[in-house]
Each structure stands twice: as structure tokens, then as C-alpha cells.
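Engineer: Structure, please.
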Amino acid sequence: MTETGPDEGFKVTDRRRRVEAGEIPRGDAPTAAREPTTQSLPTSGPGPPAAERSLAGLFMMLASSAAVALGELADPVTGEVHHDPAEAAEVIDLLILLREKTEGNRTAEETQILEELIYDLQLRYVNAAKRP
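Structural biologist: Numbering: from 1, shown residues only. So this is what the prediction gives:
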């Protein structure tokens, strides 16, 4: 077995190019050095375009799913009313998780909507659990 000397070993070569101030990056420059681009994402199916989607809309969508599971609303697909408290509890827990994970990143309006939805759904869940 041959020993490697101090000059023969693992070698790292930085091949990234640096962008000087005022220089326009070339096509093969690192993506971090490129100008940010805005591009709208295509939407599939009905609904608002991607640019109009919001966190509050997500909260409302989840809350309506919980309301359907609690029997407060008819299922939009079948038109039937069903009671599934376990499903409603999972959606409420998901909203609580979103509240924790988005703390500090919501607008005041989004925070108010989320807090009111969680409170309202928890009350509806307790009332639904009392029903026979």
C-alpha cells in the first residue's frame, strides 16, 4: 500500500464565477447571482389564478371541509350531509398546526381570520360531539 504525502490528498476547486458590481451575469452564471424573475404559474381547472390565491383562502377552504365533516354543510360533490367528527378534528388540528407554523409570517387580517375560524370550528365540534 502506498502512502500519500501531504501534497496528495483531497482537493477542492471552487469553479463558481463571481459577479462584479454592475456586471451582467452570463447564462452559465450561478442562479444566485442572476436577477430574480417573476413568472405566473398556470392554474389547472376552475378557480382563481395563482396570483390571487392567498393564505386566508387556504384557511377558508380547510374550514369549509371541517364544516362539511361536522354536518353543517352539504358535501359539494354529492349534495349529502354526513357527520364525521374524526375528520373534522383532523382539519381543526391542521388549522392549529398552520397557526403555529405561520406565526410571524401572516398579515393581521390572515391572523384574525385564522383565529376566528379555529374558535368557531372548535365550538361547532363540541356541539356536534354532544349530539346523539
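
Engineer: can you point me to the longest helix in the chain?
Structural biologist: helix 108-130 (DSSP state H).

Engineer: Pull out the buried positions in it.
Structural biologist: For helix 108-130, a neighbour-count test (16 or more other Cβ atoms under 10 Å) marks 110-111, 113-114, 117-118, 121-122, 124-125, 128 as buried. In this view, the C-beta of every residue, glycine as well, is placed from N, C-alpha and C.

Engineer: Closest to residue 84 out of those residues?
Structural biologist: Ranked by distance to residue 84 (Cβ to Cβ), those are led by residue 128 at 9.8 Å.

Engineer: What average pLDDT does the longest helix of the chain get?
Structural biologist: Computed over helix 108-130, the mean pLDDT rounds to 94.

Engineer: Against which helices or strands is it packed?
Structural biologist: Helix 108-130 sits against helix 55-69, helix 85-101, with contacts defined as 3 or more Cβ pairs under 8 Å, 6 or more residues apart in numbering; DSSP states H and E.

Engineer: Just tell me which of these ends up closest to residue 77.
Structural biologist: If you check each of these against residue 77 by Cβ to Cβ, helix 55-69 wins as the nearest, at 9.6 Å.

Engineer: which helices and strands sit right next to that closest one?
Structural biologist: Packing partners of helix 55-69 (3+ Cβ pairs under 8 Å, 6+ apart): helix 85-101, helix 108-130.

Engineer: could I get these as CSV with distance to residue 64?
Structural biologist: Putting the helices and strands packed on helix 55-69 into CSV (distance: least, Cβ to Cβ, whole Å) gives the following:
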stretch, distance to residue 64
helix 85-101, 9
helix 108-130, 10
